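J.: what's the 3D shape of this:
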Amino acid sequence: MDGNAAREGSAQPAATPAAPPAPLPAAVPPAVPPAVPPAVPPAVPPAVPPAVPPAVPPAVPPAVPPAVGSISLRQLLMSLGEPLAELQCAPGALGLDVGVTGIALLDPEDPPSARPGDLVLALGVRGRAALPVLRAAGRDRAAAVAVKLDPNTQVGALREAAEEAGVALLSVRPEVRWDRLDALTRAALAAVQPGRPGGHPGSGESAEGDLFALAQTTAVLTGGIVSIEDTANRILAYSRSADSDEVDDLRRLTILGWQGPEPYLSKLREWGVFQRLRTLDAVVAIDPHPELGLRRRLVVAIRSGERQLGTIWVQEGSSPLTDRADQALLGAARVAALHLVRRRRELSADLRLTQSLLVGLLDGATGPQSLAGHLALDARRPAAVLGFALPGTPDLTRGETLSLISVHAAARHRSALVVPIGDRVYVLLPELPPGLASDTLRGWTQEISDAARRHLDAPLRGAVGRVVPGLAAVPDSRGEADRVLDAMAAGRIAADVAALPEVQAEVLLGETLALLAANPEVRDPRLTALVAHDLRQGGQLAASVLAWLDAFGDVREAAAALHVHPNTLRYRVRRAEQLTGLDLSSPDQRLLAMLQLRLPSGPVTPGP
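T.: Residues are numbered from 1 along each chain as shown. Prediction:
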């Protein structure tokens, strides 16, 4: 059975049944099986929360909401599968949940126009030339506009125009061909087939819902009690049982614990059941064991190619299983494989979209509402950023360190979001309680750094950004963390973990020296000449002057630091003044010398 045929043959899914993952047996069919099994209430929040509506309705006409025949912008970005387009903003009440119903290819010679719900591809229009397109798209109630940006484009003006127009703005990478983006978008829209539940990314039906419906249908077809499990024996979905007396101990304990109890699992391993499931593409029968409270069972592996994704179990109730139970179970396993593969793909795509929005927020390239709408966060509550530096660590250790940071951050704050950017890892802590002390965040950061050193033997420097009043100011918190990490990288801060207020002097000194290094015109040429003299002659005049200045003119203290005689130091300071014309009795010249002589020495062209 091919993929489409398998999906068309699957049962109608229940409405948004999202239960926690787990594994094993099955449920007996009800006396009169309903056409659509009732929904199982979700045990956890849905994977993609609804967007947060703005406090004030937008002035522009509302965008088209997702409907039959449309796909949400969120799901469209996920279905592209690669970063062809980057979300710049998604304004309005719907945000990322706005429905995309078609594509409008805009030729630059034609007047800009679109239909409600269109994704407008602005062909041949770059940068600010797209402003009229955005205004027209808002007038026509289009869903989004995709624009290619020049390197010098001020994207802020485009974002403002998109916000005013009430349309989403996508920036397309310069190397992306418009025909490729058009084809991928049309393919996503073509998958929207009214009446086929769960058949397209924007249907709103969850894979868990499909699995619960599939479990109930399998129970009807086999005459047994069904459960669908993952490879760790955790239940993903199960059928309903009309009579609790038909459920044996294994089934009852599995449903209650959402996982097969270990004593029973050990018996199944002892009987070779799991070994046969790993090696056979066939139904495995398990005889009843009344002494253990186990009734007869059938089980089959769910596979995608050679990879096992889970299992489907059918427990016999008070009546024997149907004659064609084996065949029904094999078909159910093939349909379940489609659901599990799709679910894994969608979760991966959702994670990519979340990380893309998070990177955009941290960089200040994307406004807060995109991420807030995607994850149902309150953008007005306090937030903070923690930063960690991972210089020079092997790829394996980097992956383990990233996992360690993620686990510890989630343990401390359930809404924590973690993303690597270059050689740094950032933790966004949204929706912090009011009045949270910065010492608390510093303690969390220290715990993560200590855990990395203890468990991974990996140095992990951490920086704490300040708590900001909302997600809009998150780039400021990230900036503080980066300033501290930069000072640590320059060797100006010895501590593994720090926040800006406690290392303000070290950070500001490093930034001041960076300005001096980048702007030679503001340096004193006499000090530059002194350093050049030392480089040519192998002398120590500049180092001696700096040591004397650091010791506030105390010759003995400075000489001890340099391991020279005090008279030697006095001679070097006088010699430096004679060679360069410096007047170290001047406070201004002393201040500039203390700064400029801290710059790293570079190569100098030998003089006469």
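
J.: So which residue is dead centre in this structure?
T.: By Cα atoms, centre = their mean, the mean C-alpha position of the chain lies nearest to Gln355, the distance being 2.9 Å.

J.: list the contacts for that residue?
T.: Val419 (Cβ atoms under 8 Å, 6 or more residues apart in numbering). Glycine gets a C-beta too; all of them are placed from N, C-alpha and C.

J.: now the one 10 residues further on
T.: Neighbour list for Ala365: Glu86, Gln88, Val155 [criterion: Cβ under 8 Å, 6+ apart].

J.: now the strands: where do they sit in the stretch 301-450 of the chain?
T.: Read by DSSP state E, counting those that start in this stretch, the stretch 301-450 of the chain holds these strands, from start to end of the chain: 307-316, 384-389, 417-421, 424-429.

J.: Which elements pack onto the second one?
T.: Counting contacts by 3 or more Cβ pairs under 8 Å, 6 or more residues apart in numbering; DSSP states H and E, strand 384-389 is packed against helix 395-412, strand 424-429, helix 438-456, strand 461-464, helix 474-489.

J.: And the nearest residue to Arg303 once chain neighbours are set aside, how far from Ile225?
T.: Distances taken as Cβ to Cβ, 6 or more residues apart in numbering place Ala337 nearest to Arg303, at 6.1 Å, with adjacent residues excluded. As judged by Cβ to Cβ, to the nearest Å, Ala337 and Ile225 stand 21 Å apart.

J.: Looking at those two, which is more packed in?
T.: The neighbour count for Ala337 versus Ile225, taken as other Cβ atoms under 10 Å, is higher for Ile225 (31 against 21).

J.: Wait, a helix at the more buried one?
T.: No: per DSSP: H, G, I helix; E, B strand; the rest coil, Ile225 lies outside any helix segment and is strand.

J.: among the helices and strands packed on strand 384-389, which is the most enclosed?
T.: Comparing the helices and strands packed on strand 384-389 by mean neighbour count (mean count of other Cβ atoms under 10 Å), strand 461-464 ranks first with a mean of 27.

J.: and Leu169, what element?
T.: With elements delineated by DSSP states H and E, Leu169 resides in strand 168-172, which encompasses its position.

J.: sorry, back to before: for the residue nearest to Arg303, which residues are in contact?
T.: Ile302, Arg303, Ser304, Leu309.

J.: ok, those vs Arg442, which is closest?
T.: Distance to Arg442 across the contacts of Ala337 (Cβ to Cβ) is lowest for Leu309, with 43.0 Å.

J.: By residue count, tell me the biggest helix in this structure.
T.: Taking DSSP state H as the criterion, the chain has its longest helix at helix 325-363.

J.: Alpha carbons of stretch 352-362, as CSV, please.
T.: As requested, C-alpha coordinates have been extracted for stretch 352-362 and formatted as CSV (Å, rounded to 0.1, in the frame of the first residue of the first chain):
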residue,chain,number,x,y,z
ARG,A,352,13.5,24.5,13.6
LEU,A,353,10.9,27.2,13.4
THR,A,354,11.1,27.9,17.1
GLN,A,355,14.9,28.2,16.9
SER,A,356,14.7,30.4,13.9
LEU,A,357,12.2,32.8,15.7
LEU,A,358,14.4,32.6,18.9
VAL,A,359,17.6,33.6,16.9
GLY,A,360,15.7,36.4,15.3
LEU,A,361,14.5,37.7,18.6
LEU,A,362,18.0,37.5,20.2
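
J.: what's the closest of the helices and strands packed on strand 384-389 to Gln578?
T.: helix 474-489 (36.1 Å).

J.: ok now that closest one, how far from the chain's centre?
T.: Computed by Cα atoms, centre = their mean, to the nearest Å, the separation of helix 474-489 from the middle of its chain amounts to 20 Å.

J.: about what we covered before: show me which positions of the longest helix of the chain end up buried.
T.: Within helix 325-363, the residues that qualify as buried by neighbour count (16 or more other Cβ atoms under 10 Å) are 325-326, 328-329, 331-343, 346, 349-350, 352-354, 356-362.

J.: what's the burial count for the nearest residue to Phe274 once chain neighbours are set aside?
T.: Setting aside the residues directly before and after it, Phe274 is nearest to Leu268 in space (Cβ to Cβ, 6+ apart), at 6.2 Å. Leu268 is flanked by 21 other residues according to other Cβ under 10 Å.

J.: quick check, Leu268 in a helix?
T.: Yes: secondary structure assignment places Leu268 in a helix (three-state DSSP).

J.: returning to that earlier point: can you pull out the residues in contact with the strand holding Leu169?
T.: Taking Cβ under 8 Å, 6+ apart as the criterion, the residues outside strand 168-172 that touch it are 73, 84-91, 95-96, 98, 119, 134, 143-149, 155, 158-159, 162, 178, 181.

J.: From these, which land in strands?
T.: Under the assignment DSSP state E, the contacts of strand 168-172 contribute Ala85, Glu86, Leu87, Gln88, Cys89, Leu119, Ala144, Val145, Ala146, Val147, Lys148 to strands.

J.: quick one: low-confidence ranges for the stretch 101-250 of the chain?
T.: Residue ranges of the stretch 101-250 of the chain with pLDDT under 70: 107-110, 151, 153, 191-210, 240-250.

J.: same deal with the stretch 301-450 of the chain?
T.: Judged against pLDDT under 70, the low-scoring parts of the stretch 301-450 of the chain cover residues 342-349, 391-397.

J.: give me the low-pLDDT residue ranges for the stretch 501-608 of the chain?
T.: Scanning the stretch 501-608 of the chain with the threshold set as pLDDT under 70 gives 601-608.

J.: quick revisit: Serialize the helices and strands packed on strand 384-389 to a markdown table and add fields for distance to Ala389.
T.: Formatted as a markdown table, the entries for the helices and strands packed on strand 384-389 read as follows, by distance: least, Cβ to Cβ, whole Å:
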| stretch | distance to Ala389 |
| --- | --- |
| helix 395-412 | 11 |
| strand 424-429 | 6 |
| helix 438-456 | 10 |
| strand 461-464 | 5 |
| helix 474-489 | 5 |
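
J.: quick one, which of those is nearest to Leu508?
T.: Proximity to Leu508, assessed across the helices and strands packed on strand 384-389 by Cβ to Cβ, is greatest for helix 474-489 (9.0 Å).

J.: Mean confidence (pLDDT) on the closest one, please.
T.: Averaging pLDDT along helix 474-489 gives 95.

J.: CA atoms of that helix as CSV?
T.: Output for helix 474-489, consisting of C-alpha atoms alone and laid out as CSV, is shown next (Å, rounded to 0.1, in the frame of the first residue of the first chain):
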residue,chain,number,x,y,z
VAL,A,474,15.5,40.6,25.1
PRO,A,475,18.3,41.8,22.7
ASP,A,476,19.4,44.2,25.5
SER,A,477,19.7,41.3,28.0
ARG,A,478,21.6,39.2,25.4
GLY,A,479,23.9,42.2,24.7
GLU,A,480,24.8,42.4,28.4
ALA,A,481,25.6,38.7,28.4
ASP,A,482,27.7,39.0,25.3
ARG,A,483,29.7,42.0,26.8
VAL,A,484,30.6,39.8,29.8
LEU,A,485,31.5,36.8,27.6
ASP,A,486,33.7,39.1,25.4
ALA,A,487,35.6,40.3,28.5
MET,A,488,36.0,36.7,29.6
ALA,A,489,37.4,35.7,26.2
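
J.: Show me where the stretch 151-300 of the chain has its strands.
T.: Residue ranges of the strands in the stretch 151-300 of the chain, as given by DSSP E, counting those that start in this stretch, are 168-172, 224-230, 235-238, 284-286, 297-304.

J.: Without its sequence neighbours, what residue ends up closest to Glu557?
T.: Take Glu557 and drop its neighbours on the chain: the residue closest to it by Cβ to Cβ, 6+ apart is Ala551, 4.2 Å away.
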